[in-house]
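**Q** Give me coordinates for this.
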Amino acid sequence: MTDPSSKASGVEDAPVVDAPVNANADLESGDEDLDKGAFDDKPKHIIAVVMIALSLAAFLAALDSTIVATALPAISEHFQSSSGYTWIGSAYLLASAASTPLWGKLADIFSRKPTLLFANVVFLVGSLVAGLANSIGMLIAARAVQGIGGAGLLTLVDIVICDMFSLRTRGAYLGMIGGVWALACALGPLIGGAFTQEASWRWCFYINLPLDGIAFFIVLFFLKIDSPRTPILAGFKAIDWLGTMTISGGTLMFLLGLQYGGVTHPWASAIVLCLIIFGLLLAGLFLLVEWKFAKYPLIPFSVFATRSNGASIMFAFIHGLVFIAEFYYLPLYFQIVKGAKPLLSGVYILPSALGTGLAAAATGGFIAGTGKYLPPIYFGAVMTTLGYGLLINFGVNTGWAKLVIFQLILGVGVGPNFQAPLVALQAGINPRDIATSTATFNFVRTLATSISVVLGQVVFQNQMEKKGPMLVQKLGPELARQLGGADAAANAGLIDALPAAQKLAAQTAFAKSLSSMWIMYCALSVLMIICAAFIGRKVLTREHQVQEVGLEAEKRNAAARKEEERVRKQAKLDKKAAKV
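**A** Below is the predicted model:
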């Protein structure tokens, strides 16, 4: 197999199979360990049923990241708690980010199907308790449990698809999941608002019970993949608990620091600085643990063995930074600048969601049909850059034709890169690392989305502060204080009650501040184009190596990694000796 980065210098496309990365071995399609994916030859109706279940699970897990957005005021009023307001949404996202790396290793040790079923159970329990919650503390705790289960669902769905289909075929199904993910994020506020208005906010959580229950039983009875049994006690002993604690603790501390900064505490405050610094120190300790001490590492360093692999993961990080803005900040634009109600602002971003979902699904079909993943990666990066560049022009008087078309362009750019970089990553790794690399990919992107929201807020607030003198002149000192800096978005509802001239001045200030934020996201999108240049170009084949899972397989994989590391070190020594 050629080095995954070889095409950066113009070398011809090389076929890639799901087989161990070995620069000295030529893999032929007739090798006895190569075969089609477990589901490549299954009847179409069986594939359809299983994919419905996997799509449903992914949809619900993604939906829960945004469904409470429009229900938060009603929930806060019900429990008469303003302090717990933000934690209802944050608990899910924080728990999801912190637990993602562990799910990949659980899938390796306990095998895919049992781990996916367990993730379903965790998600269902969290949803049930959230729906029945009789206090704000109970609800926040239940949301954290939901987040852990949701991370498992999103990660295991990708991993299971990789087991079901060959590398080339799986592109279509991964693209489908990417489209479902984007659609769920966009529809979340709409569905949450509808439940809150027409029934009860509790249905934001109850809805998961029948739907994810259906997904659970379909997986239980129809998903036929190799699932060797691992004794629970032996499996738990094999988990890298030190790595789990350091990466989970570091992630939580870092993200909490970002969430507190500039909102509840100044950025220079001791609590914010300590959370961020110690979070980064724990992340560094995690890397040391994985490198030197972990017997079965959560994130094997072999995942980053080539330039192409590292570029694919970095691309996923940058994509996580940019894609979330369309779902998070476009509703803010429509509410503040265009005067839309929260529920209606969700309707107004549907062009963006539609473009994202369709592009993600189409990308999967393209990869499956051509065996190439780099064209959609480049296309998506360029179109995302163009899309955010066009959003810079969104102002008070922007017409609806531009609002719709520019959103579609952005969505078409964001969509392809939900899953195409994952296919690129899997093209250059050993099949034994599929689960851990997928979990790493999802973790990096989840972490990036959390960071991105804070970056956007910082840019927006700084721009509003710069417009303070103008706002004082137009609105007076008190209103200018309420609509400037850190309080800008929180007090945006005051704008509707202002006289026409003052309202226009405030909306103009908001629109220009948002434009500065779009400039930042446009610049970040350019980094995606640069990063794509370092991703190796491969033509994917439909050959597939069945990946063994379970504790015994994990032991063999650990021994193989050690041997490969020994060979690499010996090769370096031999190279040095030859130069002397």
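**Q** Looks to me like residue 395 is in a strand.
**A** No: secondary structure of residue 395 (DSSP: H, G, I helix; E, B strand; the rest coil): coil, not part of a strand.
**Q** Could you check how far the nearest residue to it once chain neighbours are set aside is from residue 323?
**A** Nearest-residue entry for residue 395: residue 511, 4.7 Å, with adjacent residues in sequence omitted and distances by C-beta to C-beta, 6 or more residues apart in numbering. To be clear about C-beta, it is placed using only N, CA and C from the backbone, and glycine gets the same treatment. Using C-beta to C-beta, to the nearest Å, residue 511 is found at 22 Å from residue 323.
**Q** The two: which has the busier surroundings?
**A** Ranked by neighbour count (other C-beta atoms under 10 Å), residue 511 and residue 323 place residue 323 first, with 28 against 19.
**Q** Can I get the helix or strand containing that one as PDB, trimmed to CA atoms?
**A** For residue 323, the host element (DSSP states H and E) is helix 307-328. Taking C-alpha atoms only, helix 307-328 is exported to PDB below (Å, rounded to 0.1, in the frame of the first residue of the first chain):
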ATOM      1  CA  ARG A 307       0.700  12.900   7.700                       C
ATOM      2  CA  SER A 308      -2.600  12.100   5.900                       C
ATOM      3  CA  ASN A 309      -4.100  10.700   9.100                       C
ATOM      4  CA  GLY A 310      -3.100  13.700  11.100                       C
ATOM      5  CA  ALA A 311      -4.400  16.100   8.400                       C
ATOM      6  CA  SER A 312      -7.800  14.200   8.400                       C
ATOM      7  CA  ILE A 313      -8.200  14.700  12.100                       C
ATOM      8  CA  MET A 314      -7.100  18.300  12.000                       C
ATOM      9  CA  PHE A 315      -9.600  18.900   9.100                       C
ATOM     10  CA  ALA A 316     -12.300  17.400  11.300                       C
ATOM     11  CA  PHE A 317     -11.400  19.800  14.100                       C
ATOM     12  CA  ILE A 318     -11.500  22.800  11.800                       C
ATOM     13  CA  HIS A 319     -14.800  21.600  10.300                       C
ATOM     14  CA  GLY A 320     -16.200  21.400  13.800                       C
ATOM     15  CA  LEU A 321     -15.100  25.000  14.400                       C
ATOM     16  CA  VAL A 322     -17.000  26.300  11.300                       C
ATOM     17  CA  PHE A 323     -20.100  24.200  10.800                       C
ATOM     18  CA  ILE A 324     -21.700  24.800  14.100                       C
ATOM     19  CA  ALA A 325     -22.000  28.600  13.500                       C
ATOM     20  CA  GLU A 326     -24.700  28.200  10.800                       C
ATOM     21  CA  PHE A 327     -27.000  26.400  13.300                       C
ATOM     22  CA  TYR A 328     -26.000  28.500  16.400                       C
END
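**Q** returning to that earlier point: phi first, then psi, for the residue nearest to residue 395.
**A** The phi and psi values for residue 511, taken as degrees, to the nearest 10, are phi -60, psi -40.
**Q** and it, what does it touch?
**A** 333, 337, 394-396 (C-beta atoms under 8 Å, 6 or more residues apart in numbering).
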